[in-house]
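*Asks:* attaching a predicted model along with its sequence, questions to come.
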Amino acid sequence: MLVPTCRGIGRDTNVAPTDLDSPVTPGEASHRSGKHKGWQGMADTQQPIILRVNGAEHRLAVEGTRSLLSVLREELGLTGAKYGCGRGECGACTVLVDGEAVRSCGYAVSRAVGRAVTTIEGLAPTGKLHAVQEAFLEAQAFQCGYCTPGVVMGTVALLGRRAHPTELEIREALSGHLCRCGSYPRIIRAVRLAADRLREVRASVESRGPRE
Ligand code: FES
Ligand code: FES
């Protein structure tokens, strides 16, 4: 039996309290109960929304108050982001919106309209793993892997804004990502490894100079 082994890497800073504290909406309740009816469930006045996910646009008949996580998983079949606590406390559902890590369980899908959503599936569109994914494999930074997609996305966001983060910055950035398997030391090792790799790639590209 898996038991919580610690309270996470650090403090959670990515949660939008207003979303998370709001009560479950009728649309969300119907989703959770498995009774969501897609197009048939739309009110006459409801407008479809256009969602851009991993570079592709999707026209969806969903209530704007539904969570981004449920739409990604149930409407688009992108099940990489996981449902853990459903309250913004575990990080398993983390995806990127315009490059920033967000907890998709508490993020209304309407907020993602007009923005670029990236899920873990979008990191390796050609099948070649992203440097962060490679580093997590190499450092064996997981056991069951349930938290891993969220931690990887949090790491991608961190390394997008900090090429050489300190250990404290890594801990702060990944705060709120709970790993029941207690892989935290290896996760930190993986993040450092990924940062090194990405810096090498950037240096190599820069040394080649601009293309003619
Ligand atoms: S499922 Fe979203 S933070 Fe836990
Ligand atoms: S919860 Fe199992 S690897 Fe993190």
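*Replies:* In hand now; what should we look at? Ligands and ions are numbered 1, 2, ... in the order given.
*Asks:* so which bits of the longest helix seen in the chain are buried?
*Replies:* When the chain is parsed with DSSP state H, its longest helix is helix 184-208. Residues 184, 186-195, 197-198 are the ones in helix 184-208 that count as buried (16 or more other CB atoms under 10 Å). C-beta here means a position set from N, CA and C on the backbone, and glycine is covered the same way.
*Asks:* and that helix, anywhere near ligand 2?
*Replies:* No: using CB under 6 Å from any ligand atom, helix 184-208 never reaches ligand 2; the gap is at least 8.2 Å.
*Asks:* which residues touch that helix?
*Replies:* Under the criterion CB atoms under 8 Å, 6 or more residues apart in numbering, residues 6, 9, 131-132, 134-136, 138-142, 151, 155, 158-159, 163-165, 167, 170-171, 174, 177, 179 lie in contact with helix 184-208.
*Asks:* what residue ranges in this structure score low on pLDDT?
*Replies:* For the chain, the stretches with pLDDT under 70 are 1-46, 211-212.
*Asks:* any quick PyMOL command for the buried ones out of the contacts of helix 184-208?
*Replies:* Burial among the contacts of helix 184-208 is assessed by 16+ other CB under 10 Å; the matching PyMOL selection reads:
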select buried, resi 9+131+132+134+135+136+139+141+142+151+155+158+159+165+170+171+174+177+179
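*Asks:* show me what from this structure comes close to ligand 2.
*Replies:* Within the chain, the positions adjacent to ligand 2 are Phe142, Gln143, Cys144, Gly145, Tyr146, Cys147, Thr148, Cys179, Arg180, Cys181, Ser183 by CB under 6 Å from any ligand atom.
*Asks:* which residue packs closest to the third one, ignoring adjacent ones?
*Replies:* When you say that, I think you mean Cys144. Once flanking residues are discounted, Cys144 sits nearest to Cys181: 5.5 Å by CB to CB, 6 or more residues apart in numbering.
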